[in-house]
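Enquirer: Give me a 3D structure for the following:
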Amino acid sequence: MPMVAAGLALMLGVARLINFAHGEFFMLGAYAVWLGYSELGLPYAVGRAPGAAVMVVFGASISAP
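Expert: Numbers count the residues shown, from 1 in each chain. Modelled structure (predicted):
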């Protein structure tokens, strides 16, 4: 959660722009963690790995030229 706040503060401070996509990215990562933890039956610490992997792939796909 502190990283979401840091990203919002950085965007507002540097670009003077409120980026509403931060919440959507946070939601997508949280849903991936829930999927790994709840649906796949992984322990919570291990269930965070699919969340991180999903966000890396998603972030790389939208930032590629």
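Enquirer: All the helices of this structure, residue numbers only.
Expert: Secondary structure of the chain (DSSP state H): helices at 2-15, 21-34, 44-63.
Enquirer: Pick the most buried one from the ones you listed.
Expert: Of the helices of the chain, the one with the most neighbours on average (mean count of other C-beta atoms under 10 Å) is helix 21-34, at a mean of 14. C-betas here are computed from N, CA, C, even on glycine.
Enquirer: model confidence over it, on average?
Expert: For helix 21-34, the mean per-residue pLDDT is 87.
Enquirer: Please put the alpha-carbon coordinates of that helix into PDB.
Expert: In PDB, the C-alpha atoms belonging to helix 21-34 read as follows (Å, rounded to 0.1, in the frame of the first residue of the first chain):
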ATOM      1  CA  ALA A  21      -5.000   3.900 -13.200                       C
ATOM      2  CA  HIS A  22      -3.000   3.300  -9.900                       C
ATOM      3  CA  GLY A  23      -6.100   2.000  -8.300                       C
ATOM      4  CA  GLU A  24      -6.800  -0.400 -11.200                       C
ATOM      5  CA  PHE A  25      -3.300  -1.700 -11.100                       C
ATOM      6  CA  PHE A  26      -3.500  -2.300  -7.300                       C
ATOM      7  CA  MET A  27      -6.800  -4.100  -7.800                       C
ATOM      8  CA  LEU A  28      -5.400  -6.300 -10.500                       C
ATOM      9  CA  GLY A  29      -2.500  -7.300  -8.300                       C
ATOM     10  CA  ALA A  30      -4.700  -7.900  -5.300                       C
ATOM     11  CA  TYR A  31      -7.100 -10.100  -7.400                       C
ATOM     12  CA  ALA A  32      -4.100 -12.200  -8.600                       C
ATOM     13  CA  VAL A  33      -3.000 -12.700  -5.000                       C
ATOM     14  CA  TRP A  34      -6.500 -13.700  -4.000                       C
END
